[in-house]
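>>> Got a predicted model here, sequence first, then my questions.
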Amino acid sequence: MAKLFYKDKPIIGLDISQTGMKVMSVDPKKWLVTGYGSIDLDPAKVQNAFDTNDDYLGTNLSTLMQKHIVGSIPSRHTVIGLPASKTFTRTFTLPAKAEKTLHDAIELEVEQYVPVPMSALYVDYEIIERSKDNLTILMSAVPRAIVDTCITAAEAAGLEVCMVEPSINSVARVLEATEDGHLPTVIVDIGPASTDIAILDKSIRVAGALSIGGNTFTLDIAKKLHIPLENAHQLKVINGLSPGARQHKITTALQPSLERIASETRKVMRYYDERIEGHRKLEQVLIVGGGANVPGIGEYFTNELVMPSRVAIPWQKLDFGKLKEPVKHFRPRYITVAGLASVPYERIWL
């Protein structure tokens, strides 16, 4: 009977980042949103919460659940997503005969490539491909302190955590269902403060992150054009990189940050091409996240990466029904939490 426990009620997605928290409940059979909400956070206080396990996250999550929900959240069973910048994800190949000592091989991989002691990590892994001679392993590791802090916050708000996963996996789940994600795909997830980059090829194969996001773009424009942040944000989301009177100045302002994202994306693509056994030809770049609301950004990455690139728009499948939808430029914020809320029940019991 225990395995039926999580089928009693829907799964709730909880996306925790340096700048905010979002929750959502989705009926995955219909992709119908039954409730959602968000709250902004102070990045410095979030980091302090991770370092000290204080009650900042729990207090704000309780406020979110009590005062900022559109619709209803019909369950307490929660899947938490953590940003790629807080996790370590690697794909590697081992001889098939190593399966009997797989745990030892995982420990060795962690010691070689993760800059945190094994004792301070939660480590999980799965075999994502088998051949006669080799195994392909997907491994994720995250500091115990971060996971424990997030679980404590959720429990303080009356939620029951049944799974924690890197948020980029959640994004991949939505893209597979809505955006030809069955193709080998480069995901560029531009959040407010950081960008997560990953290769999706049936599962997440490689992931990376850097500390540039949508807020960085706003600061870049404000500094270059000597204007207030509010005006810079408007120029970013209305004009962006599209042709117009201010295109040159805005493009010049954004160029350094965009180049850094493009450079990191090329590194992740190169790792996939050179190090992942049986890799397939990458077909597309999908740009997601709140920082993706820059007109012309798809064309920029198409030119820089020499690959078809576009901003993912999964909303044609994600149905808000009778609920008031998030305003257009806020919708990309909810892709991750929608993926968390649509975790198949069987994934929780693997």
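All right, it came through fine. Numbers count the residues shown, from 1 in each chain.
>>> what bits of the chain have low per-residue confidence?
The chain contains residues with pLDDT under 70 at 1-8, 347, 349-350.
>>> Domain map for it?
The chain resolves into domains spanning 1-87+143-179+314-350, 180-312 when parsed by automatic domain parsing.
>>> among these, which is nearest Thr93?
Nearest of the domains of the chain to Thr93, taken as C-beta to C-beta: domain 180-312 at 4.8 Å. Glycine gets a C-beta too; all of them are placed from N, C-alpha and C.
>>> so how far is the first residue of the closest one from its last?
Using C-alpha to C-alpha, to the nearest Å, one end of domain 180-312 lies 10 Å from the other.
>>> How far away from the center of its chain is it?
14 Å (C-alpha atoms, centre = their mean, to the nearest Å).
>>> Can you name the residues that contact the residue lying closest to Val110 once chain neighbours are set aside?
Distance criterion C-beta to C-beta, 6 or more residues apart in numbering; nearest residue to Val110, sequence neighbours excluded, is Met118 at 5.3 Å. Residues in contact with Met118 (C-beta atoms under 8 Å, 6 or more residues apart in numbering) are 107, 110-111.
>>> and what of Thr336?
For Thr336, the residues meeting the contact criterion (C-beta under 8 Å, 6+ apart) are 13, 15, 22, 81, 167, 170-171, 189, 289.
>>> ditto for Ile348
Shown in contact with Ile348 (C-beta under 8 Å, 6+ apart): 6, 11, 79, 162-163.
>>> Could you single out the nearest of the contacts of Met118 to Gly296?
Nearest member of those to Gly296, counting by C-beta to C-beta, is Val110, at 40.9 Å.
>>> Where does the closest one fall, secondary structure wise?
Taking DSSP states H and E as the definition, Val110 sits inside helix 102-113.
>>> Flag every buried residue along that helix.
By 16 or more other C-beta atoms under 10 Å, the buried positions in helix 102-113 come out as 105-106, 109-110.
>>> which one among those gets closest to Asp133?
Nearest to Asp133 among the buried residues of helix 102-113, with distances taken as C-beta to C-beta, is Ala105, at 15.4 Å.
>>> Any chance of JSON lines for the domains of the chain, columns distance to Glu126?
As requested, the domains of the chain are exported to JSON lines (distance: least, C-beta to C-beta, whole Å):
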{"stretch": "domain 1-87+143-179+314-350", "distance to Glu126": "7"}
{"stretch": "domain 180-312", "distance to Glu126": "8"}
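>>> In PyMOL, how would I select the buried members of the contacts of Thr336?
This is the PyMOL syntax for the buried subset of the contacts of Thr336, where burial follows 16+ other C-beta under 10 Å:
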select buried, resi 13+15+22+81+167+170+171+189+289
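>>> From the contact counts, what lies against the lengthiest helix in the chain?
Longest helix of the chain, by residue count under DSSP state H: helix 247-275. Judged by 3 or more C-beta pairs under 8 Å, 6 or more residues apart in numbering; DSSP states H and E, helix 247-275 is in contact with strand 185-190, strand 195-201, strand 203-210, helix 214-225, helix 297-305.
>>> Out of these, which gets nearest to Ala312?
In terms of C-beta to C-beta, the element of those nearest to Ala312 is strand 185-190, at 8.5 Å.
>>> Tell me the secondary structure at Leu183.
At Leu183 the chain is in coil, as set by DSSP: H, G, I helix; E, B strand; the rest coil.
>>> Identify the residues contacting it.
Residues near Leu183 by C-beta under 8 Å, 6+ apart: 283-284.
>>> same check, this time on Ala207
Contacts of Ala207 by C-beta under 8 Å, 6+ apart are 84, 87, 89, 166, 168, 196-199, 268.
>>> which residues are contacting stretch 249-261?
Defining contact as C-beta under 8 Å, 6+ apart, one finds that stretch 249-261 is touched by 188, 190, 195, 197, 210, 212, 216-217, 220-221, 223-225, 235-236, 239-241, 294, 297, 300, 304.
>>> same question but for stretch 219-227, I mixed them up
Stretch 219-227 is contacted from outside by 228-229, 231-232, 235-236, 246, 249-250, 252-254, 256-257, using C-beta under 8 Å, 6+ apart.
>>> Any chance of TSV for those residues, columns distance to Lys317?
Formatted as TSV, these follow (distance: C-beta to C-beta, whole Å):
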residue	distance to Lys317
Pro228	38
Leu229	34
Asn231	35
Ala232	33
Leu235	31
Lys236	27
Arg246	35
Lys249	37
Ile250	32
Thr252	37
Ala253	35
Leu254	30
Pro256	35
Ser257	31
